[in-house]
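Student: Kindly return the folded structure for what I paste below:
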Amino acid sequence: MKHEKAETSAVNLKARVEAYERVLVVEALRRTKGNQSRAAELLGTSQRIVNYKIRKYRLDLCLFR
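Tutor: Numbers count the residues shown, from 1 in each chain. Have a look, this model is predicted:
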């Protein structure tokens, strides 16, 4: 039973981290009007990672321009 609770917590943690990550990416894209290079700078990561997150979270860049 204790192991199942740990797995559920891990799933919740993963979902919460992904939700927060999505919020951060959306905010960076909003502030930069969809400019992935500038968003990457704001987030302290690479443009490649930002592009990956855009695809992962199925974000529409047209909404930020």
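Student: Below-threshold pLDDT in this protein: ranges please.
Tutor: Applying pLDDT under 70 to the chain picks out residues 1-7.
Student: By residue count, which helix of it is the longest?
Tutor: Counting residues, the longest helix found in the chain (DSSP state H) is helix 2-31.
Student: Which strands or helices does that helix pack on?
Tutor: helix 36-43, helix 47-56 (3 or more CB pairs under 8 Å, 6 or more residues apart in numbering; DSSP states H and E). For the C-beta atoms, the positions are set from N, CA and C on the backbone; glycine is no exception.
Student: now, of the ones you listed, which is deepest in the fold?
Tutor: When those are scored by mean count of other CB atoms under 10 Å, the highest mean neighbour count falls to helix 36-43 (a mean of 18).
Student: Alpha carbons of stretch 40-50, as CSV, please.
Tutor: What follows is stretch 40-50, C-alpha atoms only, in CSV (Å, rounded to 0.1, in the frame of the first residue of the first chain):
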residue,chain,number,x,y,z
ALA,A,40,14.7,30.7,-24.6
GLU,A,41,16.8,33.5,-23.2
LEU,A,42,14.2,34.4,-20.7
LEU,A,43,13.9,30.8,-19.6
GLY,A,44,17.6,30.2,-19.5
THR,A,45,17.5,27.4,-22.0
SER,A,46,18.1,26.7,-25.7
GLN,A,47,15.8,27.5,-28.6
ARG,A,48,15.7,23.8,-29.3
ILE,A,49,14.3,23.0,-25.9
VAL,A,50,11.7,25.7,-26.3
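Student: Please compute how far that stretch lies from its chain's middle.
Tutor: Between the centre of stretch 40-50 and the centre of its chain there are 11 Å (CA atoms, centre = their mean, to the nearest Å).
Student: now stretch 22-30
Tutor: On the basis of CA atoms, centre = their mean, stretch 22-30 sits 7 Å off its chain's mean C-alpha point.
Student: Tell me who's in contact with Arg58.
Tutor: Counting by CB atoms under 8 Å, 6 or more residues apart in numbering, Arg58 touches no other residue.
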